[in-house]
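[1] Model the following, please.
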Amino acid sequence: MNLLSKKWFLPIIFVLINILTKSWYLTTQSICIDEPFTIYHAQFDFVNLIHYLKNYNNPPLFEIILHFWIKIFGISPESVRTLPMLLSSFSVFFIYQIGIKNFDKRTAIITSILFSLSTYNIWYAHDCRVYSLFVLLTVISFYLFFEFLKEKEKFKWSSLILFAIVNLLLVYGHYFGFFVWLVEFLVVVSFFLKSPLILKKYSVVSILSLLFYIPQIVVLFNRTKASITNGTWVEAPDGFESIYNMLWYFCNEPIPTVICILLLIGALVKYILSKNKKSGNRYAIFIAMWFIIPFLLMFFISYKIPMFIERYLLFTSPAFYFLLALSVLYLFKQPKFQAGAIIVLTGVFFFSATLNPSKKREVRDVVDYIKAKKNEKTIVFVCGYDFILNFAYYYNIDYFKLKNQKTEYSELENAFKSENIYFINEINDSLINKINSFDKVIYFDAEADFSSPNNKIKETLFEKLKFSERTFFYRKFNVYNFKVNKK
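    Numbers count the residues shown, from 1 in each chain. From the prediction side, this is the model:
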């Protein structure tokens, strides 16, 4: 019990706090955006799951884990959201361990508090996607990496293999896991070139990870080529404003963002002016590399291949919170000033944190509205086509479970057509002719301008039908009701 109280009590408490706070509003927001895509494909058998995902932007690790998870717990919102919530909550355990083993207890506690109060991380703890897994694997990787650098000879080969497995899982979880590899490689070549044992053991880790990644290399090449050739849906950054906005995601609100920027600048200036730079803890430099290298690389690359968005940078957020904790402790040495600064920093995070961050897409409400308005003499058009999974999850969960292993959405689409519901990106004469068999038309604009710009569906319906009413659902959705003019 004494060992438990001293060594494990605080990190376990932080994990439990994360589970409690991140579970509180777990299913308040609708399953939406890319979550239905992930859940739907996780239902496929293993071979087809791999087959379909190779054409999309993420490698398959999270969907494979979810595949087995839903076999046990089902596809309810409570089930599918619990998995990322637990992954995010367990991350704080390793964040605390990195802090206490490489710095001190104060650093571990402050960083764990900031991570726990990050609205940004709470949002993705409520999102059935890969990103909470990506954060967990990243902090485990850096925890093992730092232990490896410190222990050298004492770092067992079994631990080395575990390190290789974690790094392998990183890049099977998300392609940007290679940024973690890059940071660790740069740390080794920058600081440990004169340590043959570290070079030898790190080479083993790298070779093992690369060998077992070979099956995914062709897919990675094809996805990279497609992004270079066709671009991405992400917008290119807009100078310093984009950097500030990204830090805003990390800091919850504008006031904490300004305070955090001032803290980091203040610590940097003090370090530059310091006459005794060599006395510092070099693991602080490694943490800075973990944050700065991916952050700036992705920022500059994004002018050519846009990728500078918050979820792709989520894996750097623990490093950012470490830097804030280290900056406070470095800037303020006198106990009373240090305590005050810590209270201010954690306080602004506490008062700006949101336990129920909005996803701004009320899918459940809009589907319930359409179901209530629809009858046998109603035809429904939904734009865009890809919204079919979002719609199906709340319209009829049995439809959502329909999957054709060869054509992906065909059975699902046919089920909706049998109820006169069509998912479209444009409207043609065939669909217009169908309208004459009905009394009413419902058109659901599901972010149509984004998914299918210049589709002209709404304009065509306004031209040919009698407009009845429009209902708006915060913040993205519009539903238009029309009456059919019978000739």
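
[2] Output the lowest mean pLDDT helix or strand found in this protein.
    In the chain, no helix or strand scores lower on mean pLDDT, DSSP states H and E than helix 2-3, which sits at a mean of 49.

[3] Not counting its own residues, what contacts the following helix or strand past that one?
    Following helix 2-3 in sequence order, the next helix or strand is helix 9-24 (DSSP states H and E). The list of residues contacting helix 9-24 from outside it, by CB atoms under 8 Å, 6 or more residues apart in numbering, reads 82, 85-86, 88-90, 92-93, 96-97, 108-109, 112, 116, 122, 125-126, 355-356. C-beta coordinates here come from the backbone N, C-alpha and C atoms, glycine included.

[4] residue boundaries of the helices in the stretch 351-487 of the chain?
    Taking DSSP state H, counting those that start in this stretch, the helices of the stretch 351-487 of the chain run over residues 363-373, 388-395, 397-400, 410-417, 429-435, 448-451, 457-464.

[5] Tabulate the ones you listed (TSV), appending mean pLDDT.
    Converted to TSV, the helices of the stretch 351-487 of the chain look like this (pLDDT from 0 to 100):
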stretch	mean pLDDT
helix 363-373	96
helix 388-395	96
helix 397-400	93
helix 410-417	92
helix 429-435	91
helix 448-451	82
helix 457-464	93
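
[6] do you know which of those lies nearest Tyr244?
    helix 448-451 (24.0 Å; CB to CB).

[7] Could I get the CA-only coordinates of that closest one as PDB?
    Extracted in PDB, the C-alpha atoms of helix 448-451 (Å, rounded to 0.1, in the frame of the first residue of the first chain):
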ATOM      1  CA  ALA A 448     -23.600  20.800 -49.600                       C
ATOM      2  CA  ASP A 449     -21.400  23.700 -50.500                       C
ATOM      3  CA  PHE A 450     -18.400  22.000 -48.900                       C
ATOM      4  CA  SER A 451     -19.100  18.400 -50.100                       C
END
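
[8] Show the contacting residues for the spatially most central residue of the chain.
    Central residue of the chain (CA atoms, centre = their mean): Tyr131, 3.4 Å from the mean position. Residues near Tyr131 by CB under 8 Å, 6+ apart: Pro84, Tyr124, His174, Arg311, Leu314, Phe315.

[9] what's in contact with stretch 448-466?
    Stretch 448-466 has contacts (CB under 8 Å, 6+ apart) with 381, 383-387, 424-427, 432, 435, 441, 443, 445, 480, 482-485.

[10] sorry, back to before: most neighbours per residue, which of the helices of the stretch 351-487 of the chain?
    Compared across the helices of the stretch 351-487 of the chain, helix 388-395 shows the largest average neighbour count, a mean of 23 (mean count of other CB atoms under 10 Å).

[11] Run the chain-centre distance for that one.
    Computed by CA atoms, centre = their mean, to the nearest Å, the separation of helix 388-395 from the middle of its chain amounts to 21 Å.

[12] Select the longest helix from this structure.
    The longest helix of the chain (DSSP state H) is helix 196-230.

[13] Output the contacting helices and strands for that one.
    helix 131-151, helix 157-173, helix 177-191 (3 or more CB pairs under 8 Å, 6 or more residues apart in numbering; DSSP states H and E).

[14] now this structure, which segments are flagged as low pLDDT?
    Low-confidence segments of the chain (pLDDT under 70): 1-6, 153, 277-279, 405, 486-487.

[15] What are the structural domain limits within it?
    2-352, 363-483 (automatic domain parsing).

[16] show me what contacts His174?
    His174 makes contact with Asn58, Pro59, Val130, Tyr131, Phe134, Phe315, according to CB under 8 Å, 6+ apart.

[17] Backbone dihedrals for it, both of them.
    According to degrees, to the nearest 10, the main-chain angles of His174 amount to phi -150, psi 140.

[18] Quick check: the residue nearest to the centre of the chain vs Leu268, distance?
    The gap separating Tyr131 from Leu268 is 29 Å, by CB to CB, to the nearest Å.

[19] closest to Ile287 among the contacts of Tyr131?
    The nearest member of these to Ile287, counting by CB to CB, is Phe315 at 13.3 Å.

[20] roughly how far apart are that closest one and Ile140?
    11 Å.

[21] And these two? Which one has more around it.
    Phe315 (27 against 23; other CB atoms under 10 Å).

[22] what's the closest non-adjacent residue to Gly340?
    Take Gly340 and drop its neighbours on the chain: the residue closest to it by CB to CB, 6 or more residues apart in numbering is Phe332, 7.7 Å away.

[23] thought that neighbour was touching Gln338?
    Yes: counting by CB atoms under 8 Å, Phe332 touches Gln338, with 4.1 Å between them.
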